[in-house]
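K.L.:
fold the following and give me the result.
(2 chains)
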2 protein chains.
Amino acid sequence: MKTVVWQSLSADQQNAVLERPAISDGANITSIVRGVLEQVQQNGDEALKALTAKFDKVESASIRVSDKEIEAASLRLSDKMKQALQQAHKNISAFHKAQKAQPLKVETQPGVVCELVTRAINKVGLYIPGGSAPLPSTVLMLGVPSQIAGCRKVVLCSPPPIADEILYVAKLCNIDEVYNVGGAQAIAAMAYGTETVSKVDKIFGPGNAFVTEAKRQVSNDFRGAAIDMPAGPSEVLVIADETADADFVAADLLSQAEHGPDSQVVLLTPSPMIADQVADAVQRQLKLLSRSNIAEKALGSSVIVVTESLTECIAISNSYGPEHLIVQTKNPRELLPLLDNAGSIFLGHWSPESVGDYASGTNHVLPTYGYTRTYSSLGLADFSKRMTVQELSKEGLQGLADTVVTMAEAEGLDAHKRAVTIRIDKLNQQG
Amino acid sequence: MKTVVWQSLSADQQNAVLERPAISDGANITSIVRGVLEQVQQNGDEALKALTAKFDKVESASIRVSDKEIEAASLRLSDKMKQALQQAHKNISAFHKAQKAQPLKVETQPGVVCELVTRAINKVGLYIPGGSAPLPSTVLMLGVPSQIAGCRKVVLCSPPPIADEILYVAKLCNIDEVYNVGGAQAIAAMAYGTETVSKVDKIFGPGNAFVTEAKRQVSNDFRGAAIDMPAGPSEVLVIADETADADFVAADLLSQAEHGPDSQVVLLTPSPMIADQVADAVQRQLKLLSRSNIAEKALGSSVIVVTESLTECIAISNSYGPEHLIVQTKNPRELLPLLDNAGSIFLGHWSPESVGDYASGTNHVLPTYGYTRTYSSLGLADFSKRMTVQELSKEGLQGLADTVVTMAEAEGLDAHKRAVTIRIDKLNQQG
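P.N.:
Now for the predicted structure:
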């Protein structure tokens, strides 16, 4: 990892150091995905089978995974694995249950009652990527909040063959339907529905460039489906002072770097000593990793920044807006009120990112790529929507009538005014 | 308004009755807007001046509205108008203050503390359309939550000349900067910044097709800005039983119809008598309106549906997902638990939509066009984001280590596992 001294850089250089790599414009991906979406809309299940044969090289899988297969998967898993997944499910459930919105009722003026009620999104679709290893943790992160929110139908798509761990967690989370479908075709199936796959209202989950582009396209189509949030490469930023353990910091940086060659890894420290020690430790630990080639590529665009103070570290972090922010300082909780624009914050020496990735209870689906400025960590709210309710008594309407009539007149909206005056006239007649 | 009997229709006919008109594909609008965005990004203030001269026919206005002008606007307004706007501000503030999220802290297992913290979005931009009459109510609906959330910078753009009412409310809401800029160029200025206009993180507010398209484009550009929600024509659906006052129902339908020729207006009733009475009352009241030509056009694509029961009314409404839902029945509160997919619900005979449009306290920025299935009524949450925080003690990490290690092994993520084991090893050494 290269090391830079922040105050020795020009403003332009500072910007360049923390600039995220451009996401490839992907005109090619755009049109491939458009073709897949059209195919699935036109030919439904038949298109899903053809595309699965083409992209996943799987011919025989039925589209729907049967309950029998899900039961069988559970029997093949070790008890140790099931216990770990159950513990994670328990913690994630506890944290997401606590997010249940309380009903809200305010009498803003006498006889004028305003309420906010929360309802589950009816039908949701969860996408779980395939790849070299299964991702049961992502099933937990999407399945648990859908379960707690009370979504009426929860659908899961993943490219075949679907790993036992994924099927087991799908059952833990009471997911209603599991499909052997991956890629852009899975997003299309959930957004538009096919003979077999249920159309959903909102689609959640990570994926490769094709999945991301498919989510973007269906979310821009009003007949499609809403999506969780825009996607980008995964990131970690660590703030460390001289009390940090360089081995711990290095391990945390590497656990992000192994995600993919486009992962972003940043260390900010006011201590040149820690900067040196971490750089060494990263090189040492890198050799021990099975995915060292991936991590090494990610480290190529990563950086250690030596700052003048912790205050400067915080300013840089807030400006960068990392997905994961790990604070390994003497008094990390004192810094919390100053930290902003992060997906998830890990406080202290004993809180590595991997606990949040798996099992502490927080969600690992987080805004990336600077979207932390406006988007939230995935939570119960994303599986729900808020509706307002109002109920006025006769007296309530009488008390508010002048205000509404005056404003409707200013806006030149006659009928808005009349909807009030016609009622007030009736009350006066009854008077 | 045409009247149909629901059970006499085929499923296809039922769908057709409540199908929303397609939003024009607007390839032309797309490229015009793209050009405007490019112009503003390249030429900044100069482009804004040129585009304002071209589209708004205003040459002389400075881009920024001075504090002096805002003061002067306040002096020109009547006391009655100021009192109405203040009352609305007070009620909307009361309802949005009650939405403040409480900090959330859960110890999911011993020594593992997970938190959810809410922070204001730093910089927000509010767009207020121009047109035949000013829209101070929209300034309240966007300005109040930005003020209560505690956004650090709030910027407002509106096409010149900006009405006194708008400037007055901007001051009531402590909006920091007001600009004489409208249309797609205003969205571009707020998304990318110019020499004068501050770049913001998220843009809120309604607008014409150009504004809507500009919001879509900047929200799809990661260097742009987030937006509040997708836009569509305004809608009302009324559920009325035989206890409803046909004059009230007709007034409510018309207050939606006068918004624009593409407004959607639907009445569902199990009472053929109410259906007839409302149809008559609409014709009668229509003639009294200053905007009767607009309302008449909207009524052309609107419908009265006679159902078999209130239960059927509810099912149809939940499937349609109206922006505004007015329930004028004997016991409207009993129906509330069954109602879903609505932006805002108005209960009872004394709760016309116009109270919510202006001054009851609820927000009038609501999802339309069926987006009620997944999007929420605008509220404090939209001006904030939620970050998760976690802090583990040594004991907390020890208690969670096996679970994390087992899951990391299943996912083939070595470095994730090592970030835990390197800490546990150190604890054992210290042991």
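K.L.:
low-confidence ranges in the stretch 1-150 of chain A?
P.N.:
Within the stretch 1-150 of chain A, the stretches with pLDDT under 70 are A:24-26.
K.L.:
output the set of residues of it in proximity to chain B.
P.N.:
The stretch 1-150 of chain A comes close to chain B at residues A:23, A:80-81, A:83-85, A:87-88, A:90-91, A:94-95, A:98-99, A:104, A:106, A:108-109, A:112, A:114, A:116-117, A:119, A:121-122, A:132-137, as judged by C-beta under 8 Å from any C-beta of the partner chain. In short, each C-beta sits where N, CA and C put it, glycine included.
K.L.:
ok, of these, which come out buried?
P.N.:
Buried members of the residues of the stretch 1-150 of chain A next to chain B, scored by 16 or more other C-beta atoms under 10 Å in any protein chain shown, are A:81, A:84-85, A:87-88, A:90-91, A:94-95, A:98-99, A:104, A:106, A:108-109, A:112, A:114, A:116-117, A:119, A:121-122, A:134-137.
K.L.:
looking at the residues of the stretch 1-150 of chain A next to chain B, which are in helices?
P.N.:
A:80-81, A:83-85, A:87-88, A:90-91, A:94-95, A:136-137 (DSSP state H).
K.L.:
and the two most separated of those residues?
P.N.:
Greatest spatial distance among these (C-beta to C-beta): A:80 and A:95, at 23.4 Å.
K.L.:
where's the nearest residue to residue A:269 once chain neighbours are set aside relative to residue A:246, distance?
P.N.:
Counting by C-beta to C-beta, 6 or more residues apart in numbering or on different chains, residue A:240 is the residue found nearest to residue A:269 once chain neighbours are left out, at 4.7 Å. Per C-beta to C-beta, to the nearest Å, residue A:240 is found 8 Å from residue A:246.
K.L.:
shared neighbours of the two, which are they?
P.N.:
Here residue A:240 and residue A:246 have A:274, A:278 as joint contacts, going by C-beta atoms under 8 Å, 6 or more residues apart in numbering or on different chains.
K.L.:
of the two, who's got more company?
P.N.:
Higher neighbour count among residue A:240 and residue A:246: residue A:240, with 28 against 23, using other C-beta atoms under 10 Å in any protein chain shown.
K.L.:
residues in contact with that one?
P.N.:
Counted by C-beta under 8 Å, 6+ apart, residue A:240 has contacts A:249, A:267-269, A:271, A:274, A:278, A:328-329.
K.L.:
now those residues as TSV including neighbour count, distance to residue A:177 and pLDDT?
P.N.:
Shown next, in TSV, are those (neighbours: other C-beta atoms under 10 Å in any protein chain shown; distance: C-beta to C-beta, whole Å; pLDDT from 0 to 100):
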residue	neighbour count	distance to residue A:177	pLDDT
A:249	27	43	98
A:267	30	44	98
A:268	27	45	98
A:269	28	48	98
A:271	18	53	98
A:274	22	50	98
A:278	27	46	98
A:328	26	43	98
A:329	21	47	98
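K.L.:
restricted to helices, list those.
P.N.:
A:249, A:274, A:278.
K.L.:
and what about residue A:144, helix, strand or coil?
P.N.:
helix (DSSP: H, G, I helix; E, B strand; the rest coil).
K.L.:
ok, back up a step: next, give me the two most distant ones among the contacts of residue A:240.
P.N.:
Greatest spacing in those, by C-beta to C-beta: A:278 and A:329 (14.0 Å).
K.L.:
quick one: the strands in chain A?
P.N.:
A:2-5, A:104-109, A:112-120, A:123-127, A:153-157, A:177-179, A:202-204, A:226-227, A:235-240, A:264-269, A:303-306, A:324-328, A:344-347, A:384-392 (DSSP state E).
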